[in-house]
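J.: Okay, here's the prediction I keep looking at, along with the sequence it came from:
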Amino acid sequence: MNKKVDFIDLGRIDYKKCWEYQDVLFSEILQTKSKNRKEDLVLPTKNHFIFCEHNHVYTIGKSGDKNNLLVSQGFLKSRNTKYYVTNRGGDITYHGPGQIVGYPILDLDNFFSDINKYLRLLEEVVIKTLYDYGVVGERSKGETGVWIDVGKKKSRKICAIGVKTSRWVTMHGFAFNVNTDLSYFNHIVPCGIANKSVTSLEKEINETVCIGEVKTKIKSHFVDLFKVS
């Protein structure tokens, strides 16, 4: 099993362009697995982890409720904000500058064949990163992602997660609000959850955070938790 991961930082990139790039890497892994199965081969499959930030965009999962977008297409155009229906799980969310988006494109057969474990480890990567800044991140039962003050009236989400898998190959991933302009979440029902708000690391510690530093911490925790070689 190949436990090496190619870490790629694309910086600021258009959502659709990055989605297409993800799909190329995703398809290459699937093609290798298909060839191995058909020809009885053991060619190693690759693993990738994309870091990026997106321009202002709303994305919704394939089973999401489109009514959770609260503004018109005309309004989006006036704000230079795009909207895409995607092939990931989850409902609607926002991506934009100051938010770290991580897209692990992994063959889970190289690590473990357990989607629930995969999602929980992605959450744990963010939880450990928050802890580095003195912030307590938590899981909320039945709600994928990372939260602050779970079970309290002021419960708020700091990281959304939505993935796609096929034959144990993953794509899409997580969106971690670091220095994000949270006003953009006012135009949606974030993740389809109407009674909870969103937050950012900047808001929680009242300090603008170095994006590069946070990425380094995320990578370190990912390598440790996924036992990357």
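T.: Good, I have the coordinates.

J.: wait, isn't residue 45 in contact with residue 31?
T.: No. Look at residue 45 against residue 31 with C-beta atoms under 8 Å: they stay out of range, at 9.6 Å. For glycine as for every other residue, the C-beta is placed from the backbone atoms N, C-alpha and C.

J.: the more surrounded of the two?
T.: residue 45 (19 against 12; other C-beta atoms under 10 Å).

J.: remind me, longest helix of the protein?
T.: helix 15-39 (DSSP state H).

J.: and the helix or strand just after that helix, which strands flank it?
T.: Remark: after helix 15-39, the chain's next helix or strand is strand 48-54, criterion DSSP states H and E. Sheet pairing of strand 48-54 (DSSP bridges) gives strand 6-13 (parallel), strand 99-105 (antiparallel).

J.: Quick check: next helix or strand after strand 48-54?
T.: Defined by DSSP H and E, the subsequent element after strand 48-54 is strand 57-60.

J.: same for the helix or strand containing residue 145, what does it pack against?
T.: Assessed by DSSP H and E, residue 145 sits inside strand 143-148. In terms of contacts (3 or more C-beta pairs under 8 Å, 6 or more residues apart in numbering; DSSP states H and E), strand 143-148 is packed against helix 115-132, strand 138-140, strand 156-166.

J.: Okay, and the beta partners of the closest residue to residue 144 other than its chain neighbours?
T.: Closest residue to residue 144 apart from its sequence neighbours, by C-beta to C-beta, 6 or more residues apart in numbering: residue 161 at 5.0 Å. For residue 161, the beta-bridge partners are residue 174 (DSSP bridges).

J.: For residue 161, the count of nearby residues, please.
T.: Number of residues near residue 161 (other C-beta under 10 Å) recorded here: 25.

J.: Count the neighbours of residue 190 for me.
T.: Residue 190: 23 surrounding residues under other C-beta under 10 Å.

J.: Residue 7 now?
T.: Residue 7 has 17 nearby residues by other C-beta under 10 Å.
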